[in-house]
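Asks: Quick check, what structure comes out for this input:
(one chain, ligands or ions: 2)
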Amino acid sequence: MGTMIAASGGCLCGTIRFHAAGPLVHSLVCHCRMCQRASGAAFMGLMFVSSNDLTVTKGEARTYGSSTTGIRHFCGDCGSSLFFERVSSALHGILVGALDDPDLFDPKMHICLSGKQRWVNVADDVPCHLEKPEGMTPPGDYDPITGRLIERPSA
Ligand SMILES: [Zn+2]
Ligand SMILES: [Zn+2]
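Replies: Residues are numbered from 1 along each chain as shown. Ligands and ions are numbered 1, 2, ... in the order given. This is a model prediction of the structure:
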């Protein structure tokens, strides 16, 4: 905590542009299967800021509610994934591939490593979590055939 960021970015076709300015809340890599599906990539690098600190300055992103507490934002023209919104925490996670300067990303954690793709070797010297650390919204099980999230019963 305490790191302030000022970051601009946008989608592949330029229809959507955004700017974030404020405290960085989380900086992490998520290896869950939902992030893999949503990005089409092996994992998702995310920089989380307060939803109030993120402004879409051009265009309007389309959204998909991937769970009861999560909304995924993307460009309806080119399909680029842009943000993961955690509604229950009022946070927006910016997908680092959408940043104009991806070097701003400095991952502090890997989460949901139970979903990690076999060939990915995590060599970062940062905390690694098989699921999610305490205090984060627990992961659900995703059914890719029905597209539904199956919330895990609380222990
Ligand atoms: Zn676009
Ligand atoms: Zn994820």
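Asks: This protein against ligand 1: which residues are in contact?
Replies: C11, C13, T15, C75, D77, C78 (C-beta under 5 Å from the ion). Any C-beta I mention is one placed from the backbone N, CA and C, and that applies to glycine too.
Asks: make it 8 Å
Replies: Taking C-beta under 8 Å from the ion as the criterion, the chain approaches ligand 1 at residues 10-16, 59, 75-80.
Asks: Could I get those in a markdown table, plus columns for neighbour count?
Replies: As requested, the residues of the chain next to ligand 1 are exported to a markdown table (neighbours: other C-beta atoms under 10 Å):
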| residue | neighbour count |
| --- | --- |
| G10 | 21 |
| C11 | 23 |
| L12 | 13 |
| C13 | 12 |
| G14 | 13 |
| T15 | 16 |
| I16 | 26 |
| G59 | 17 |
| C75 | 21 |
| G76 | 14 |
| D77 | 14 |
| C78 | 12 |
| G79 | 12 |
| S80 | 22 |
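Asks: Pick the one among the residues you listed closest to ligand 2.
Replies: Proximity to ligand 2 was ranked across those by C-beta to the ion; first place goes to S80, at 17.3 Å.
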